[in-house]
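# below: sequence and its predicted model.
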Amino acid sequence: MQLIKRLRLLLVLLVGLPVALGDASPRDVAALVRAKNLLGTESWSAVLQLATTRPGRPSENALVFEFADALWFYRPIDGTRSLSRHWNNVPADREQLLELLQRIDPTYQSYRFYSDDELLAAPPSRGTLRNGCFIESAAEARRLRREGRVVESCLLSYYVKTASGLKGHTVLCYKTLRYPPLRSGRRAAPESEVVLGARSSHGLGPLGDAHGIDGRSGQGGQDHGADDLVTPLAATVRKRLTARSAEIAKNGRINFPKRETRNPEPTRSQRSQRQKRALRAQRFGRGNRKERRDRKEWQDRPSKRETLNPKLETQNPKPTRSQREA
């Protein structure tokens, strides 16, 4: 019983597909290089070669990167997990990196960083990044922030118990500004628009003992803020997921819509405008005002003979046969 509890606490921070304990498949350096390139150079990241004491597997590879004021550990076989034990402690964590790695796997004895030349020599990785939902969501959050398209963003990780083990998945949730149309020459104040998930979220479900870094816990998940640790946006997303818990229990998954606006139903004025446009289309035909004007000018255009210069028709007319004989 004690062994089962320890294993459960060890696996609870996993973000990815179920962990295959004891799986000795080789690590793909190319996949780690691809994950490092996705994260960009905005923050620190490094590909490591870890020496182990396990028989038959003397070494393995992993990616360590910084995101949201914490260090994270990624392997293609089991996804991403938190490496830091406290928030806002990245410089100290990098100094005691081996100790943190041994918390994940006590068989780790030492590590070394891959050089830039070794990473450039790795073959290109193709296909989908294995168990890369966390890294892809983090990269997308940084891209949207650089482009200035988001007001607030966070990563939401959820876990669920299944017959095959513990499953986890991470989605990106972000808030943008949606500008209503111009009214009387002035633009109204922007409205907030919450977009759930750049990816589909599989296997979402409540798990009460899902603990985060430094003892933080949540109703079935953790919030990894792209800007802050806990944001009002994360609470909004959680509330919506809780309201759809019946759908999760029935289907085992949620496909988030691309856009979920605050007022999806048209207002009374919007319905009135649509009715007016439909009546105008019945009277004057389809298309906007410019298209209708162009169509009318084409229909009323003069014929080819009417466009000829009448003076040119009377200058040096061609003589008829009778005129030539005379």
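Thanks, I have the structure now.
# domain map for this structure?
The record's domain parsing of the chain by automatic domain parsing lists 17-130, 132-264, 271-299.
# ranking these by mean pLDDT, which is last?
Lowest mean pLDDT of the domains of the chain: domain 132-264, a mean of 56.
# need the CA coordinates for stretch 90-108. CSV is fine.
Listed next in CSV are the C-alpha coordinates belonging to stretch 90-108 (Å, rounded to 0.1, in the frame of the first residue of the first chain):
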residue,chain,number,x,y,z
VAL,A,90,15.5,29.7,-11.0
PRO,A,91,19.1,30.9,-10.4
ALA,A,92,19.4,28.7,-7.2
ASP,A,93,17.8,25.8,-9.0
ARG,A,94,20.3,25.9,-11.8
GLU,A,95,23.1,25.8,-9.2
GLN,A,96,21.7,22.6,-7.6
LEU,A,97,20.4,21.0,-10.8
LEU,A,98,21.8,17.5,-10.0
GLU,A,99,19.9,17.4,-6.7
LEU,A,100,16.7,18.3,-8.4
LEU,A,101,17.3,15.7,-11.1
GLN,A,102,17.8,13.0,-8.5
ARG,A,103,14.5,13.9,-7.0
ILE,A,104,12.9,12.7,-10.3
ASP,A,105,15.1,9.7,-10.7
PRO,A,106,17.6,8.6,-7.9
THR,A,107,19.7,6.7,-10.5
TYR,A,108,21.0,9.9,-12.0
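# buried residues in it, which are they?
Residues of stretch 90-108 classed as buried by neighbour count (16 or more other CB atoms under 10 Å): 90, 93, 97, 100, 101, 104, 108. (C-beta placed from N, C-alpha, C; glycine too.)
# how about the contacts made by the last one?
When the contact criterion is CB atoms under 8 Å, 6 or more residues apart in numbering, the partners of residue 108 are 50, 51, 52, 98, 101, 102.
# so residue 126, which of the three states?
coil (DSSP: H, G, I helix; E, B strand; the rest coil).
# what separates it from residue 143, distance-wise?
21 Å (CB to CB, to the nearest Å).
# what's the answer for residue 118, then?
Distance, residue 118 to residue 143, using CB to CB: 27 Å.
# ok, the residue lying closest to residue 73 once chain neighbours are set aside - how many residues close by?
In space, and not counting its chain neighbours, residue 73 is closest to residue 83: 4.3 Å by CB to CB, 6 or more residues apart in numbering. A count of nearby residues for residue 83, using other CB atoms under 10 Å, gives 22.
# so which of the contacts of residue 108 is the closest to residue 148?
residue 101 (36.6 Å; CB to CB).
# so that closest one makes contact with residue 50?
Yes: Residue 101 lies in contact with residue 50 (CB atoms under 8 Å); the separation is 6.8 Å.
# touching both of those two, which residues are there?
Common contacts of residue 101 and residue 50 (CB under 8 Å, 6+ apart): 108, 111.
# for the contacts of residue 108, give me CSV that also has secondary structure and distance to residue 318.
As requested, those are exported to CSV (DSSP: H, G, I helix; E, B strand; the rest coil; distance: CB to CB, whole Å):
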residue, secondary structure, distance to residue 318
50, strand, 98
51, strand, 102
52, strand, 102
98, helix, 103
101, helix, 100
102, helix, 105
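# for these, which one is nearest residue 31?
The closest of these, once distances to residue 31 are taken by CB to CB, is residue 50, at 15.5 Å.
# distance of the closest one from residue 81?
In this view, residue 50 and residue 81 are 14 Å apart by CB to CB.
# what's the answer for residue 321, then?
Taking CB to CB, one finds residue 321 at 103 Å from residue 81.
# which one's more surrounded, these two?
residue 81 (20 against 7).
# any idea what the more buried one is bridged to?
Beta-bridge partners recorded for residue 81 (DSSP bridges): residue 73.
# run through the bridge partners of residue 64.
Counting by DSSP bridges, residue 64 is bridged to residue 46, residue 73.
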